[in-house]
Every structure is written in C-alpha cells, then in structure tokens.
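Visitor: What would the 3D arrangement of this be:
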Amino acid sequence: MNSTPTHHELGSLSAACQRLWQVDACRLQPGQHYDLNPQQGKKSYMERDVAPGPLFVQVNWASFQQHSTYALFFALLDNYHAHVGEAEHLTAAQNLEVQQFLDGVVQTQCMQYVHQILIDQQLADRDVSAFKQQLYQMWFRSYTREVRDDSSGFEHVFVGEARDGKILGLHNWIQFSNQERQGKLDYKGYIFPRVHSRGGQQEEVDANERMLSVQFTWNGQLKDVSSMFIGTSPEFELALYTLCFLAGQEENIVQVGDYEVKIKVYRIKSKYGDKVGSAYPELIQKLSGQPGANTYAPAPLQQQAPWHSQGQQSNAHYQQPGAGYSQGHQTGFALQQQAQPYAQQPAAFQQGQQQAWGGQQASEPAQQGCGGFLKSLLGALFGK
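Guide: Residues are numbered from 1 along each chain as shown. Just a heads-up that it's a prediction; the model follows:
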C-alpha cells in the first residue's frame with residue numbers, strides 16, 4: 001500500500017490517523033490470530049468481577065513469529081520493574097533490544113507514513129537515524145515519577161507500572177494477553193463507553209472489537225479502567241501516539257478504523273526533547289456502516305484546527321503526580337507547550353540523543369515490512 005500522505009491528510013490529524021489505520025498491514029485478525037471473550041460490562045467504579053473467564057480465550061503466539069516487529073516488541077516486555085520508585089537500569093543486551101526494535105519500526109509503512117507527515121510539519125528531521133534518536137528520547141529516555149530514572153514513556157504505556165496498590169498505564173493488548181496467559185492478570189470485565197449510543201442504549205460489545213476499555217488486576221493490584229486497541233501492530237500504536245504527541249494536542253478527537261476516539265497524550269518537558277508521560281485511546285463511539293459497528297448515526301467528528309496551531313498550548317511544566325488522574329494516570333502531567341519544530345531544537349538535543357545509543361549497532365538489521373522472522377531472536381525469546 002502506498003504510504004505517502006495526501007494533501008488532505010497533511011491538513012487533518014483525523015484523516016491522517018484513519019489512513020494510518022489502513023496502512024497497518026500487520027494488524028492481527030480476530031478468530032484467526034486470537035479469540036476475544038468480552039463477557040459482561042460495568043461502570044468503572046464497580047470492583048465486582050463480572051468476567052469469570054479471560055478476555056483472550058486464545059492467542060496464536062506462533063503468528064508473532066511471522067512479524068519481526070511483534071517479536072522485537074515482545075523482547076522488551078521483561079526489561080522493566082513494575083514498581084514505581086525502583087530505578088530502571090537496562091543492561092547492554094536490553095539496550096540492544098531497544099535499538100533493534102526501533103530499527104525495525106522505522107522501516108515499517110506505519111512509521112514511514114508518520115515520519116513523512118512530521119517532516120512536512122517540520123517536527124522531525126528527514127534523516128532516519130536522527131528520527132530514530134528522536135523516538136528514543138520520547139519513548140525510552142527515563143525520567144522521574146518517584147525516584148530518578150524509575151519510569152519511561154514506553155514502560156508506562158506498553159508495559160505498565162504499579163504504585164500504592166494501583167496499576168498505572170498498561171494500554172497494550174499484547175502485554176495484557178501475555179500477562180493474562182501467565183496467570184498474573186485477572187480480567188474483571190469491560191467498561192461501558194463514556195458516551196452512549198443514540199437513545200441512551202449501551203454499546204454492544206462483541207468478539208470483533210478493535211478497542212476496549214477494561215478493568216483488571218495485575219499481580220493483585222487494581223486498574224480501574226484502561227483503554228487499549230485490540231490486534232493492532234506495535235508499529236501502529238507507536239506511530240499513532242507519536243503523531244498525536246508531536247503534531248496534535250493533549251486531547252485529539254479522531255477517527256481510527258470503525259471508532260471515534262480521543263487520543264490523549266501527556267508530556268514530560270526536557271531540553272533535549274519532550275518525553276511521553278502517557279498516551280492512550282479513549283472510546284467515544286462506534287461509527288455506523290462498518291462491520292461490527294452499531295447502526296446508529298455517529299455524531300460529527302470534532303473539527304480540528306490546522307496542525308501548526310494545535311501545538312499552541314499552555315506553558316505549564318511537569319508537576320509531581322497526583323491522585324485524581326483519569327485511567328489510573330496522574331493529574332500531574334499538566335498540559336504542556338508543543339515541542340519546537342525539530343529543525344529548531346537546541347544543539348544539546350542532538351548531543352543528548354547520541355548518548356542514548358552508546359555507539360552500539362544492532363547485530364542484525366530488522367527486515368522491511370512485516371514478513372521478516374528473526375530466528376536467532378525468537379529462539380531465545382519464546383523460550384522465556
């Protein structure tokens with residue numbers, strides 16, 4: 001599929017997000033790669049378990065072997081301590097896994113599509129190596145939640161964290177299903193959509209859903225509500241959140257597949273380039289006329305301002321996390337000013353990025369698209 005953004009997509013964040021969904025050629029399919037059993041729904045304040053069985057009845061883990069980015073992503077999931085307050089110090093081998101994952105992601109159509117948009121918006125360098133370093137700074141450079149270097153954007157969003165008996169982050173279906181199969185995660189039911197369908201009826205939820213808000217416990221600690229896409233590739237999610245983080249606002253109402261969603265992104269300010277504090281989808285409604293969608297007429301999508309003006313936000317700085325943050329995150333991630341265009345970043349930005357890689361090179365390059373199976377990696381990976 002041609003991944004070159006159109007003039008319309010360059011001018012509309014929602015159109016770009018919808019095109020990104022279409023570009024995701026490595027998305028897995030319900031009934032083929034996994035079976036979903038949503039069971040019963042409830043309000044987020046209800047802690048009663050209304051789902052006696054797991055959310056993922058089965059996942060064809062062998063299908064991950066057909067997609068290099070899935071395997072590379074999977075290798076990162078055991079690199080972190082869940083407890084907030086415990087500093088993260090990745091080993092040389094773990095840092096190499098990060099490099100290999102980013103090497104693979106920047107070669108996918110999803111991230112190439114987003115990269116082209118960011119270049120057009122002067123929010124990323126045209127050079128792929130520089131863009132990869134920018135992604136590292138955003139997603140993998142550590143920061144402080146309680147103690148120095150105890151968190152990062154990738155850990156929070158894709159892996160999950162725990163603090164004071166509550167779960168923070170964990171908005172990824174691969175990590176969710178993997179923890180569920182290990183018996184560490186207990187699914188307690190899906191959460192009713194915050195915006196209901198016409199006539200006040202609750203949304204119907206079925207096994208073909210591509211997005212769910214759920215409640216669960218992880219290692220015995222509660223997550224009141226966490227929203228996540230289902231079946232999407234790692235490159236799609238990383239590209240989507242990167243696009244909204246760099247080119248959008250803190251809250252972005254867009255169309256993604258059959259859904260109208262609000263993509264929320266929170267930032268940690270840094271002179272070397274802002275870091276991801278959190279990123280996740282929030283379901284508004286299903287859209288009509290699509291397979292698996294209800295038949296009610298959707299409300300018009302919110303009109304977005306031109307992209308350059310979207311970045312003009314308040315200049316509040318990162319605050320110490322508070323208790324009232326929605327979806328188990330912190331209110332302390334205050335609305336931040338949009339990062340400068342990439343070409344205008346201070347010189348120290350380039351220096352800080354280079355340190356992240358430590359001069360190491362990936363032992364073997366990730367292959368183009370979703371077909372390259374990394375045999376040597378997977379032999380060790382799926383034996384874990």
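
Visitor: Name the nearest residue to the residue nearest the centre of the chain, sequence neighbours excluded.
Guide: Centrality entry for the chain: nearest residue to the mean C-alpha point is residue 237, 4.4 Å, by C-alpha atoms, centre = their mean. Spatial nearest neighbour of residue 237, excluding adjacent residues (C-beta to C-beta, 6 or more residues apart in numbering): residue 229 at 6.3 Å. Backbone N, C-alpha and C define where each C-beta goes, glycine included.

Visitor: The stretch 201-350 of the chain: strands as residue ranges?
Guide: Using DSSP state E, counting those that start in this stretch, the strands of the stretch 201-350 of the chain run over residues 211-218, 221-229, 251-256, 259-268, 275-286.

Visitor: Return the list of helices and strands in contact with the second one.
Guide: Counting contacts by 3 or more C-beta pairs under 8 Å, 6 or more residues apart in numbering; DSSP states H and E, the secondary-structure elements packed against strand 221-229 are strand 166-168, helix 173-181, strand 211-218, strand 275-286.

Visitor: any idea of the mean pLDDT for that strand?
Guide: Mean pLDDT, strand 221-229: 94.

Visitor: Now do the end-to-end distance for stretch 193-205.
Guide: For stretch 193-205, the first-to-last residue distance is 10 Å (C-alpha to C-alpha, to the nearest Å).

Visitor: Return the distance of residue 37 relative to residue 55.
Guide: As for residue 37, its distance to residue 55 is 6 Å (criterion: C-beta to C-beta, to the nearest Å).

Visitor: Looking at these two, which one has more neighbours?
Guide: Neighbours were counted for residue 37 and for residue 55 using other C-beta atoms under 10 Å; residue 55 has more, 25 against 14.

Visitor: isn't the more buried one right up against residue 180?
Guide: Yes: because the distance of 6.6 Å satisfies C-beta atoms under 8 Å, residue 55 is recorded as touching residue 180.

Visitor: overlap in contacts of these two?
Guide: residue 187 (C-beta atoms under 8 Å, 6 or more residues apart in numbering).

Visitor: what about the chain, any weak spots by pLDDT?
Guide: Within the chain, the segments meeting pLDDT under 70 span 1, 194-203, 288-384.

Visitor: try 50 this time
Guide: Applying pLDDT under 50 to the chain flags residues 196-197, 289-369, 371-384.

Visitor: Residue 138 - that's part of a strand, no?
Guide: No: assigned with DSSP: H, G, I helix; E, B strand; the rest coil, residue 138 falls outside any strand and is helix.

Visitor: I'd assumed residue 279 was in contact with it.
Guide: No: using C-beta under 8 Å, residue 138 is not in contact with residue 279, being 9.8 Å away.

Visitor: Name the residues contacting each of the two.
Guide: In contact with both residue 138 and residue 279: 153, 245, using C-beta under 8 Å, 6+ apart.

Visitor: related to what we said a few turns ago, which of the strands of the stretch 201-350 of the chain sits closest to residue 122?
Guide: With C-beta to C-beta as the criterion, residue 122 lies closest to strand 259-268 of the strands of the stretch 201-350 of the chain, at 18.2 Å.

Visitor: Give me the helices and strands touching the closest one, please.
Guide: Against strand 259-268 (3+ C-beta pairs under 8 Å, 6+ apart) you get helix 234-247, strand 251-256, strand 275-286.

Visitor: Using CSV, write out the CA atom coordinates for it.
Guide: The C-alpha coordinates for strand 259-268 follow below in CSV (Å, rounded to 0.1, in the frame of the first residue of the first chain):
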residue,chain,number,x,y,z
TYR,A,259,-14.3,4.2,16.0
GLU,A,260,-14.4,7.8,17.0
VAL,A,261,-11.8,8.1,19.7
LYS,A,262,-10.0,10.6,21.9
ILE,A,263,-6.2,10.0,21.8
LYS,A,264,-4.8,11.5,25.0
VAL,A,265,-1.1,12.3,25.2
TYR,A,266,0.8,13.8,28.2
ARG,A,267,4.4,15.1,28.1
ILE,A,268,7.4,15.4,30.3
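
Visitor: mind listing what that strand pairs with, with the direction of each?
Guide: strand 251-256 (antiparallel), strand 275-286 (antiparallel) (DSSP bridges).

Visitor: just the angle between it and strand 211-218, please?
Guide: 50 degrees (axes from the mean of the first three to the mean of the last three C-alpha atoms, to 10 degrees).

Visitor: on that earlier part again, with distance to residue 165 added, can I get the helices and strands packed on strand 259-268 in JSON lines?
Guide: Converted to JSON lines, the helices and strands packed on strand 259-268 look like this (distance: least, C-beta to C-beta, whole Å):
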{"stretch": "helix 234-247", "distance to residue 165": "27"}
{"stretch": "strand 251-256", "distance to residue 165": "28"}
{"stretch": "strand 275-286", "distance to residue 165": "19"}
